[in-house]
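A.B. asks: here is my input, please return the structure:
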Amino acid sequence: MSSLEFSTQSDGIHARNNPILSVILVLVFIRPFICALAFPFLNLVYSLVLLVFLGGYLILKRPVFFKNKALSYSFILFCLALYVSIIFSQDKINSFVYLYQYVCGLGLFFIAASLSEKERLLTIQTILLAGLAVSFFAIYQYFWGPKHILEYLSASNLSPQFVLDYLQRRRAFSPFVTPGALGGFLAMILLLALTSKNRFWFILIVFPVFFLTKSPSVFLSLLLALMIYFSVQGKIKKSRVFALWALFFLLLVIVFLRFMTQKTYLQPTFSAMMRLSYWREALILIKAHPFIGMGPGNFNLENSRFAHNSYLQIWAEMGIFGLFSLIGLIGVIFKSCLRDLKQSLYKRQIAGLLAASAVFLIHNFLDFTFFLPEVSLIWWLILGLIAGL
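C.D. replies: This is a model prediction of the structure:
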């Protein structure tokens, strides 16, 4: 499919005819480089700028609401659940301030669902270019960055243990705050690259950086999502079976390397036990507020800001109504695409988008990238592209 190459003249002409969309795509490209936890003020400024252009696009273009009634109802129910959770929030001001992250995601989702074919291709290309830029940045940080990071920490009288651990274990994580966040982002990028058969070179560049995160959870997520991609494609080839076995072997290598460390708190078993501890604490909070939740942005554990399972944290913050409405929205989108897959002219594109979205969802059973806008906004955009198909 030559129309899926990185740049085409027709895409460039179409972008010039829609300057607001062009600015939004530039902001999408920048998004992964602004870590919300490390630069909260810059993240807020970025989000406000994005909201202005999203609002401008909606006012000027007036995109048609979803033609699929089930999708429309699911979208409305999730927005309603978000509204209810804020109204009954334990800290309404904090929840209202936190709301901009959801509004940005839902705005990108709605706009992406209304894009034309050329705009959709241009959006995919923008996300892939952002992934390529992140990969080059992570490579630079991995080989030459530790010295600069240590100098910055020393000059600022800072010594965050988790950063020192990442540097000591030689794990890639920049420009994100954790290797898991970088791995989760790059996993989406790798699967999104499969929307075209002509991007093998792209995968060869990005995958080594993905490997350097040394995160078992993202490797497992990618393995499962790749199985989904091959299943949607409907063809079983020896090369695909080999790819799955190779990825499984690399997963075992990562686990082995992690077990070789002499420090107990750096081993996978310690990480697993900590996650179980966070989940138990999250369930206690859920039990106290099972239906309405605590309100967006109000989740906080004794030793962590996140549950390391986004679904438990969504339940704790938005209640069971919020969790089910989100699952319903995703389910309706996936079901519609899979139902119409045989008649679709975009089978490879649908398979890549579904797998890219699925790897994010799978990874969030063990991580919290749903609450990191530098990753989650890209997922909302991909989910909107699926809905548009």
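
A.B. asks: hey, let's count contacts and neighbours off CA atoms from now on
C.D. replies: Will do.

A.B. asks: give me the below-cutoff pLDDT ranges for the stretch 201-350 of the chain.
C.D. replies: For the stretch 201-350 of the chain, residues meeting the criterion pLDDT under 70 lie at 235-236, 258-268.

A.B. asks: where along it do the helices fall?
C.D. replies: Remark: helices of the stretch 201-350 of the chain, listed N- to C-terminal, are 216-233, 238-259, 268-288, 310-339, 347-363; assignment by DSSP state H, counting those that start in this stretch.

A.B. asks: please identify the deepest-packed of those.
C.D. replies: Counting by mean count of other CA atoms under 10 Å, helix 347-363 has the highest mean neighbour count of the helices of the stretch 201-350 of the chain, with a mean of 25.

A.B. asks: next secondary structure after that one?
C.D. replies: Downstream of helix 347-363, the next assigned helix or strand under DSSP states H and E is helix 373-388.

A.B. asks: neighbouring contacts of that next one?
C.D. replies: Residues outside helix 373-388 that contact it (CA atoms under 8 Å, 6 or more residues apart in numbering): 28, 31-36, 101, 104-106, 108-115, 120, 127, 181, 184-185, 330, 333-334, 337, 350, 353-354, 356-357, 360, 369-370.

A.B. asks: okay, angle between that helix and helix 310-339 too, please.
C.D. replies: Helix 373-388 and helix 310-339 meet at an angle of 30 degrees, taking axes from the mean of the first three to the mean of the last three CA atoms, to 10 degrees as the criterion.

A.B. asks: now helix 373-388, how far from the chain's geometric center?
C.D. replies: Its chain's C-alpha centre and that of helix 373-388 lie 7 Å apart, by CA atoms, centre = their mean, to the nearest Å.

A.B. asks: follow-up on the earlier one: is it possible to mark the buried ones in the contacts of helix 373-388?
C.D. replies: The neighbour-count test (16 or more other CA atoms under 10 Å) marks 28, 31-36, 101, 104-106, 108-115, 120, 127, 181, 184-185, 330, 333-334, 337, 350, 353-354, 356-357, 360, 369-370 as buried among those.

A.B. asks: in contact with residue 23, which residues?
C.D. replies: residue 53.

A.B. asks: Provide the secondary structure category for it.
C.D. replies: On the three-state scheme (DSSP: H, G, I helix; E, B strand; the rest coil), residue 23 is labelled helix.

A.B. asks: and the helix or strand where residue 82 lies, what does it pack against?
C.D. replies: If you go by DSSP H and E, residue 82 is part of helix 69-87. Helices and strands touching helix 69-87, by 3 or more CA pairs under 8 Å, 6 or more residues apart in numbering; DSSP states H and E, are helix 92-113, helix 310-339.

A.B. asks: save these as JSON lines, and put in distance to residue 256 too.
C.D. replies: Below are the helices and strands packed on helix 69-87 laid out as JSON lines (distance: least, CA to CA, whole Å):
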{"stretch": "helix 92-113", "distance to residue 256": "37"}
{"stretch": "helix 310-339", "distance to residue 256": "27"}
